[in-house]
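**Student:** Here is my input, please return the structure:
(one chain, ligands or ions: 1)
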Amino acid sequence: MTAPLRLGTRGSALAMAQSGQVAAALTAATGREIELVEVVTAGDRSTAPVHRLGVGVFVSALRDALAARTIDFAVHSYKDLPTAAAPGLHIAAVPTRQDPRDALVARDGLTLAELPSGALVGTGALRRIAQLHALGMRLEVTPIRGNVDTRLARVLGPDADLDAVVLARAGLARIGRLDVITETLDPMLMLPAPAQGALAVECRSDDADLVELLAVLDHAPSRAAVTAERALLATLEAGCSAPVAAYAIVAEGEPAGSGAEGDVVQEIYLRGAVISPDGTRDLRLSRTGTPADAAEIGKALAAELLELGADSILGQEGHAGPGTQHIGSTE
Ligand SMILES: NCc1[nH]cc(CCC(=O)O)c1CC(=O)O
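**Tutor:** Now for the predicted structure:
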């Protein structure tokens, strides 16, 4: 008998749901038994805003447990991973990505366009704050945090104090709460965070059998999209601490030139944005290419954004300040 594989997970409803879904898919594909091991992270214990803590706090306890061999693998929300590679660890699979768009949950079924001037909208992510301001709708944006249920209660609960909140659609999908969404936001207005909606299945690089086993969960188009978005983020982090958004789609395109009839070629479309926290400076660009070049496309698009002045888009709230380490997205 083979021992069950130990899957380390945070205890939040979202983390438990996504770990449970990955465990079920892996058992279905391989027949291996999986045991969920709860790991408490500093991010779960603190109530400080996420952009002050750094999202790395959600990740490091899981990575420590991997290094200490108390767990065999972990499932992360990919957008919470710092862009720097983790020595000794390997992302063995990027499963099929959920819809990466952001969602509006508003009182009385309101859509974004129906929110009145001065409406109070809650969100913790600088990227969302910046894009809400950039709409020019005179929305009041207030930082919120806490788990998904806590955020929803600010609009839907008996003590609701906000007109709306903006959340990742994928998070609501994973906990079975798509019913509360009043509008899924158009990425042209609210560009998602790099890697939003994707999961990263991580194990130790030296665990060759597990690297191979977990690869059954990998979905190449999702991995290519995330690779392009994160390459853009990593390149911009070097020169810019403003909110960054990115969204890539891999789709079947028309074969170029003399492609034989019935030929299918994959194409990647990447859109990226850098927005000042007050929404007054807003750079958005896109680029297409082949999925095999995903990382190069991300770097090239970031370089174009930097040329247009992305590095000068620094707001007081958004600027991490001297000595603050870049930890990946500010989600
Ligand atoms: N900000 C934290 C966070 N990290 C991952 C998700 C869920 C969506 C995903 O997996 O990308 C969320 C919630 C949210 O942004 O609303």
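**Student:** mind giving me the domain ranges of the protein?
**Tutor:** Residue ranges for the domains of the chain, per automatic domain parsing: 5-96+198-218, 102-184, 222-312.
**Student:** now the ones you listed as a markdown table including mean pLDDT and distance to Glu331?
**Tutor:** The C-beta positions use only the backbone N, C-alpha and C, and glycine is treated the same way. A markdown table is the format used below for the domains of the chain (pLDDT from 0 to 100; distance: least, CB to CB, whole Å):
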| stretch | mean pLDDT | distance to Glu331 |
| --- | --- | --- |
| domain 5-96+198-218 | 90 | 5 |
| domain 102-184 | 96 | 5 |
| domain 222-312 | 91 | 10 |
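**Student:** Need the phi and psi values for Ala225.
**Tutor:** Main-chain dihedrals, Ala225, degrees, to the nearest 10: phi -60, psi -50.
**Student:** Stretch 187-201 and the ligand, are they touching?
**Tutor:** Yes - legend: contact between stretch 187-201 and the ligand by CB under 6 Å from any ligand atom is shown at 196-197.
**Student:** starting at the chain centroid, how far to that stretch?
**Tutor:** 5 Å (CA atoms, centre = their mean, to the nearest Å).
**Student:** Quick check: end-to-end length of it?
**Tutor:** Start-to-end span of stretch 187-201 (CA to CA, to the nearest Å) is 26 Å.
**Student:** Return the residues in contact with the nearest residue in space to Leu110 that is not next to it in sequence.
**Tutor:** In space, and not counting its chain neighbours, Leu110 is closest to Thr182: 5.9 Å by CB to CB, 6 or more residues apart in numbering. Contacts for Thr182 (CB atoms under 8 Å, 6 or more residues apart in numbering) come out as 104-106, 109-111, 164.
**Student:** Separate out the buried members of those residues.
**Tutor:** Neighbour-count burial (16 or more other CB atoms under 10 Å) is assigned, among these, to 104-106, 110, 164.
**Student:** could these go into JSON lines alongside distance to Ala130?
**Tutor:** Shown next, in JSON lines, are these (distance: CB to CB, whole Å):
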{"residue": "Leu104", "distance to Ala130": "16"}
{"residue": "Val105", "distance to Ala130": "19"}
{"residue": "Ala106", "distance to Ala130": "19"}
{"residue": "Leu110", "distance to Ala130": "21"}
{"residue": "Ala164", "distance to Ala130": "16"}
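**Student:** All set now, cheers.
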